[in-house]
Structures are given as structure tokens and as C-alpha cells.
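Undergrad: sequence plus predicted model, see below.
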Amino acid sequence: MADRLPAWAREIAQRVLAGVLPDRWVHTRGVAAQARSVGPLLGWDTDLIEAAAWLHDIGYAPALAVTGFHPLDGARYLRDRTDAAPAVCALVAHHSGAVAEAAERGLSKFLLAEFPLGGHLREQVIALTYCDFTTGPRGERLSPEERIAEILTRYEPDSAVHRAVQTSAPRLLEQCREVTAALHANERG
């Protein structure tokens with residue numbers, strides 16, 4: 001399925017997001033485009049990262065939302081209702097600082113037990129985080145700092161998302177800087 005992986009993921013994401021959450025669908029398309037454009041430059045498993053980019057926000061879909069924590073809801077849907085590879089499920093479950101938000105929501109034990117993140121997937125999570133944190137809500141390119149500010153503005157200070165992003169921002173920014181530095185080194189190399 002590797003050569004068809006992004007198309008398969010796109011079809012699922014479009015089916016569950018486009019009609020009910022069109023703004024989220026626009027963001028998702030931008031994240032996937034970012035993955036497809038920078039993946040080959042960095043030697044990423046571009047098909048895997050692009051597939052996870054298509055699927056990273058499906059847990060927001062009302063039909064999939066069970067816990068209200070979109071990384072876990074999306075990963076569970078993929079695991080239980082599709083033939084998604086464990087790596088795809090793990091990337092969706094752990095994208096963009098999900099561990100911090102899981103802690104805020106009291107869902108850490110479920111996230112970590114159901115979707116263990118092996119060392120070989122950590123770089124892929126960083127890649128997906130970079131793509132998500134350089135893509136705004138309308139699919140536009142943003143700096144990671146702008147994206148974090150946008151998220152913090154969108155969510156109330158007492159929300160789990162706001163608190164988690166505020167807590168994990170230094171680590172998320174460092175991950176994005178690592179990818180940016182690799183992109184620059186690749187341009188010079």
C-alpha cells in the first residue's frame with residue numbers, strides 16, 4: 001500500500017472532514033502539501049509523513065470525536081475502522097505536542113498504552129509537527145511562532161489546548177528549528 005498511502009489517506013480525510021469541517025479540511029490540505037514539498041528534500045519517508053498529514057486532524061470530525069482529544073480519537077478510528085498501519089496511527093496520535101495535551105486532559109495513559117511511539121517514529125513525529133506548525137488555518141504558510149500565537153488566540157486560556165500549547169511551545173519551536181536548519185543545510189549542500 002506504500003505507493004498508494006497518501007491517496008488512501010487523502011480519501012479518508014476528505015470523506016470525514018471536507019463536508020462537516022471545511023476550514024479544518026483547508027488546513028489539512030496545506031499540511032499535506034507542506035509534507036509533500038519538504039519531505040524529499042530531507043530524506044523523509046514522504047509517503048508516510050504525507051499520509052499522516054492528511055489524517056492528523058480527522059479526530060475533530062464530529063462522527064469520530066469520542067474523547068474530545070482529536071489525536072487519540074483520530075488514531076483510534078484509524079486503528080479500529082481502517083487498515084491503517086500502526087506507524088500511521090502512532091503519528092496521528094502523537095502529532096504536534098499531543099503528549100502535553102493528553103496530560104492536560106488526563107488521557108496520557110491511554111495515548112501511551114494504545115499508541116506507543118518507538119524511537120524510529122520520533123523523527124517522523126517531528127516532521128509532521130513541522131508541517132502542522134508551519135501551516136495556518138487557511139492552509140497558508142506561517143512561521144512556527146505565528147502558528148503558536150494563532151492557536152493561543154483561538155483557544156481560551158483555561159482550555160486544555162491553550163495550556164498544552166503554552167507548555168510545549170519551547171519544545172515544539174525547537175523541533176521546528178531543527179527541521180528548518182536541516183532544510184537550510186540541504187539548500188547549501
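TA: Noted; the coordinates are in hand.
Undergrad: pLDDT below threshold where in this protein?
TA: For the chain, the stretches with pLDDT under 70 are 1-3, 189.
Undergrad: at 80 instead, please
TA: For the chain, residues meeting the criterion pLDDT under 80 lie at 1-3, 188-189.
Undergrad: what comes up buried for the longest helix along the chain?
TA: Identified as the longest helix of the chain according to DSSP state H is helix 160-188. The neighbour-count check on helix 160-188 (16 or more other C-beta atoms under 10 Å) flags 160-165, 168-169, 172-173, 175-176, 179, 182 as buried. Using the backbone N, CA and C atoms, a C-beta is placed for each residue, glycine as well.
Undergrad: quick check, nearest of those residues to residue 139?
TA: Within these, the smallest distance to residue 139 is 17.6 Å, found for residue 176 (C-beta to C-beta).
Undergrad: residues contacting that closest one?
TA: Residues in contact with residue 176 (C-beta atoms under 8 Å, 6 or more residues apart in numbering) are 129-130, 133-134, 144.
Undergrad: quick check: the gap between the closest residue to it other than its chain neighbours and residue 62.
TA: Excluding the flanking residues, the one nearest residue 176 by C-beta to C-beta, 6 or more residues apart in numbering is residue 144, at 3.9 Å. Residue 144 is 29 Å from residue 62, where distance means C-beta to C-beta, to the nearest Å.
Undergrad: which one's more surrounded, these two?
TA: Using other C-beta atoms under 10 Å, the more surrounded residue of residue 144 and residue 62 is residue 144, with 21 against 8.
Undergrad: now do the contacts for the more buried one.
TA: With C-beta under 8 Å, 6+ apart, residue 144 has these contacts: 130, 133-134, 172-173, 176-177.
Undergrad: and of the buried residues of helix 160-188, the nearest to residue 12?
TA: The nearest one, if we look at these relative to residue 12 and count by C-beta to C-beta, is residue 161, at 23.4 Å.
Undergrad: circling back to that earlier point, of the buried residues of helix 160-188, closest to residue 4?
TA: Top of the list for closeness to residue 4, among the buried residues of helix 160-188 and by C-beta to C-beta, is residue 179 at 26.1 Å.
Undergrad: my understanding was that the closest one contacts residue 127; is that so?
TA: Yes: Residue 179 is within contact range of residue 127, at 6.7 Å (criterion: C-beta atoms under 8 Å).
Undergrad: common neighbours of the two, please.
TA: residue 42.
Undergrad: so how far is residue 31 from the residue nearest to residue 176?
TA: According to C-beta to C-beta, residue 144 stands 13 Å off from residue 31.
Undergrad: what is the neighbour count of residue 110?
TA: As a burial measure, residue 110 scores 16 neighbours (other C-beta under 10 Å).
Undergrad: what helix or strand is it on?
TA: Assigning secondary structure by DSSP states H and E places residue 110 in helix 108-114.
Undergrad: which is the next helix or strand following that helix?
TA: helix 119-133.
Undergrad: got the angle between that following helix and helix 160-188?
TA: Put simply, helix 119-133 runs at 100 degrees to helix 160-188, going by axes from the mean of the first three to the mean of the last three C-alpha atoms, to 10 degrees.
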